[in-house]
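**Student:** return a 3D structure for these sequence lines:
(one chain, ligands or ions: 1)
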Amino acid sequence: MIRHTSKEEDPTLILKFAYRGTKQGLLVVVASKGQHWKGEEEHAKLNEGPDSVKKYKEAATVEGPSYTKGMVRIQAWMESAEEDTENRLVPDQGKKKEKSAEESKTTKPSNGIGMGNMIWAEKTREDRGSRDLTGRMMFGYELLMLDFVYQKSMQFANNLKLPTNCLGCQCKGGCSNPRACACAQLNGNDFPYVQRDGGRSADWERMLLPPRFAEDVGEALHCVNFAKAGERERKLIEAKSVVFECGPNCGCNVSCVNRISQQGIKYHLEVFRTPSKGWGVRSWDTIPSGAPICEYTGILTKTDDMDNIADNSYIFEIDCLQTMKGLDGRETRPGDVSSLINLDDKRSEVVEYCIDAGSVGNVARFINHSCQPNLFVQCILSSHHDMKMAKVMLFAADTIPPLEELTYDYGYALDSVVGADGKVVKMPCHCGAVDCRKWLY
Ligand SMILES: C[S@@+](CC[C@H](N)C(=O)[O-])C[C@H]1O[C@@H](n2cnc3c(N)ncnc32)[C@H](O)[C@@H]1O
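**Tutor:** Numbering: from 1, shown residues only. Model (predicted):
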């Protein structure tokens, strides 16, 4: 519940932000006792000069109800339009403007954070001069508000060493001949990603997708070209035991047909508020079946090191064997997995790994569970061949219409989660599927 009061009467500070080039904004309550928010200070310096730093510092150093996590918490989404939305973040202490009838008419149906914005910011930061400031700060606001740091690539715990002993292929340019490509051979002498209809052309080079990075992601804010791009895109038309992609040890380049999970998010994804599951994710575009959605990023950590963590909501346990076996029979995946299991891995003391997206992660951390999901999990090996530390990637299991929530099966076995007191912890499932199993775990 937002209280619209002044700093004196009530310590709550209300900030409004508008997204670049849109009529959408959000309303945020900053309320942290005795702290100021570094991101704001930085933003003030960059955009309004040093004098405003003090103002921002004071504004953010308000006394308020103490929030447990972070300094900023989103209280509500604002759907009204701001007058000046172009390239600006608009702090507005305690003065919530009523929506005019005209503004209400122009309000977009959507009411979430456009992850396209984040991605745009991520890319432009590297590639562009002044344009990146706003993007970066919008990005900064978003990630601070959400109590985590947005990271498009995986981070690694300090005590973790990734194996390096994997030989790549010797192909030059893009891989084209599955019989000559060592990575394709590991995939059963084939390239796993195919055109929409499943048809494969001998002329692989001709069909290489142009990389769609910074420039196109800007366009993605308006959903331009993406449906067309989806048709040409390579897809994983069936879930496999494991996919061997080309990687850093290979001779091919980054736009190789066998590096689809490495080419970034291609759809305009949005984090939105669901009625009963907290935040969720949906796309503004139609997503074709088999299309890559996103990697699950976070901090790759030994599962044992996470045992005492209070909130396990954002932990993805990399249990590729369970995934390969098809989530207790709920899925079927082709391929004999036995050859992929290292003898060492059959020992009970084998180290297990998980991805902790609690403090660092990408859009995947907001994707909810469903007992009838429209995404599937795919383990991918590219820079090494250790299944226990495989990359986790989500792909579309169906053609997904715009604004349908994206979900995958979290794969918990019933009664598999135990609390600190040794008792089984249960969580009811709100996926709403006809065949809902009623419990997440
Ligand atoms: C990885 S997070 C997903 C994003 C989360 N909804 C949020 O607001 O940040 C996992 C948590 O989301 C909630 N969740 C996900 N799927 C759910 C479902 N089908 N039913 C109920 N809660 C769900 C649970 O609280 C779970 O611990």
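**Student:** show me the beta-bridge partners of the spatially closest residue to I318 that is not a sequence neighbour.
**Tutor:** In this structure, I318 finds its nearest non-sequential neighbour in Y353, 5.1 Å apart by Cβ to Cβ, 6 or more residues apart in numbering. In short, each C-beta sits where N, CA and C put it, glycine included. In this entry, Y353 is beta-bridged to K302, by DSSP bridges.
**Student:** Y353 contacts M387, correct?
**Tutor:** No. Look at Y353 against M387 with Cβ atoms under 8 Å: they stay out of range, at 9.9 Å.
**Student:** ok, V281 touching V363?
**Tutor:** Yes. Between V281 and V363 there is a contact at 5.9 Å, judged by Cβ under 8 Å.
**Student:** follow-up on the earlier one: how many other residues sit next to the residue nearest to I318?
**Tutor:** Using other Cβ atoms under 10 Å, Y353 has 23 neighbouring residues.
**Student:** so what's it up against?
**Tutor:** Neighbour list for Y353: L160, L300, T301, K302, T303, I318, K388, M389 [criterion: Cβ atoms under 8 Å, 6 or more residues apart in numbering].
**Student:** could you confirm whether stretch 306-315 reaches the ligand?
**Tutor:** Yes. Judged by Cβ under 6 Å from any ligand atom, stretch 306-315 and the ligand are in contact via S313, Y314.
**Student:** and that stretch, what's its mean pLDDT?
**Tutor:** If you average the pLDDT over stretch 306-315, you get 80.
**Student:** contacts for that stretch, please.
**Tutor:** So stretch 306-315 is contacted by F148, G298, C354, I355, D356, A357, G358, G361, R365, V417, A420 (Cβ under 8 Å, 6+ apart).
**Student:** equivalent analysis for stretch 430-441, please.
**Tutor:** By Cβ under 8 Å, 6+ apart, stretch 430-441 touches 276-277, 368-372, 407, 410, 412-417, 425-429.
**Student:** quick one: contacts for N165?
**Tutor:** N165 neighbours (Cβ under 8 Å, 6+ apart): H384.
**Student:** make it 10 Å
**Tutor:** By Cβ atoms under 10 Å, 6 or more residues apart in numbering, the contact set of N165 is N249, H384, H385, D386.
**Student:** from those residues, which is closest to the ligand?
**Tutor:** D386 (24.2 Å; Cβ to the nearest ligand atom).
**Student:** tally of neighbours for the residue in the chain positioned nearest to the ligand?
**Tutor:** Distances between the chain and the ligand by Cβ to the nearest ligand atom are smallest at G278, namely 2.5 Å. Here the number of neighbours of G278 (other Cβ under 10 Å) works out to 11.
**Student:** contacting residues around it?
**Tutor:** S313, F366, N368, H430.
**Student:** most neighbours, which of these?
**Tutor:** Neighbour-wise, these (other Cβ under 10 Å) top out at F366, 25 neighbours.
**Student:** thinking it is in contact with L406, fair?
**Tutor:** Yes. Here F366 reaches L406: they are 9.1 Å apart, a contact under Cβ atoms under 10 Å.
**Student:** find residues that contact each of these two.
**Tutor:** With Cβ under 10 Å, 6+ apart, F366 and L406 have common neighbours L269, E270, G280, V281.
**Student:** pretty sure the second one is in a strand, no?
**Tutor:** Yep, that's E270 we're talking about. Yes. Under DSSP: H, G, I helix; E, B strand; the rest coil, E270 sits within a strand.
**Student:** from W284, how far off is it?
**Tutor:** As judged by Cβ to Cβ, to the nearest Å, E270 and W284 stand 6 Å apart.
**Student:** and Y410, by the same measure?
**Tutor:** Y410 is 25 Å from W284, by Cβ to Cβ.
**Student:** how about whatever helix or strand L406 lives in and the ligand, touching?
**Tutor:** Per DSSP states H and E, L406 falls inside strand 405-408. No. Applying Cβ under 6 Å from any ligand atom, one finds strand 405-408 separated from the ligand by no less than 7.3 Å.
**Student:** direction included, what does that strand pair up with?
**Tutor:** Applying DSSP bridges, one finds strand 405-408 paired with strand 279-283 (antiparallel), strand 368-369 (parallel).
**Student:** tell me the mean pLDDT for the last one?
**Tutor:** Looking back up the chat, that one is strand 368-369. 97.
**Student:** what's the neighbour count on the residue nearest to W284 when sequence neighbours are not counted?
**Tutor:** In space, and not counting its chain neighbours, W284 is closest to H268: 4.2 Å by Cβ to Cβ, 6+ apart. When neighbours are counted by other Cβ under 10 Å, H268 registers 24.
**Student:** can you give me the neighbour number for L162?
**Tutor:** Around L162 there are 12 residues (other Cβ under 10 Å).
**Student:** pull the contacting residues for the residue lying closest to it once chain neighbours are set aside.
**Tutor:** Closest residue to L162 apart from its sequence neighbours, by Cβ to Cβ, 6+ apart: H384 at 5.7 Å. Counting by Cβ under 10 Å, 6+ apart, H384 touches L162, P163, T164, N165, C166, G247, P248, N249, A390, K391.
**Student:** which among the residues you listed count as buried?
**Tutor:** C166, G247, N249, A390, K391 (16 or more other Cβ atoms under 10 Å).
**Student:** close enough to count as contact, I265 and M393?
**Tutor:** No. Using Cβ under 10 Å, I265 makes no contact with M393, being 11.2 Å away.
**Student:** give me the common contacts of the two.
**Tutor:** With Cβ under 10 Å, 6+ apart as the test, I265 and M393 both reach P292, I293, C294, E295, A364.
**Student:** farthest-separated two in the residues you listed?
**Tutor:** Distances among the shared contacts of I265 and M393 were taken as Cβ to Cβ; the most separated pair is P292 and A364, at 11.8 Å.
**Student:** which bits of this structure sit near the ligand?
**Tutor:** 277-280, 313-314, 365-366, 368-370, 429-431, 440.
**Student:** which of the residues you listed lies closest to I260?
**Tutor:** The closest of the residues of the chain next to the ligand, once distances to I260 are taken by Cβ to Cβ, is R365, at 21.1 Å.
**Student:** what residues are up against the closest one?
**Tutor:** R365 sits in contact with 146, 148, 150, 271, 279, 281, 294, 296-298, 313-316, 355-358, where contact means Cβ under 10 Å, 6+ apart.
**Student:** my guess is D319 meets I355, correct?
**Tutor:** No. At 11.3 Å, D319 does not count as touching I355 under the criterion of Cβ under 10 Å.
**Student:** which one of the two has more residues nearby?
**Tutor:** Per other Cβ under 10 Å, whichever of D319 and I355 has more neighbours is I355, with 25 against 21.
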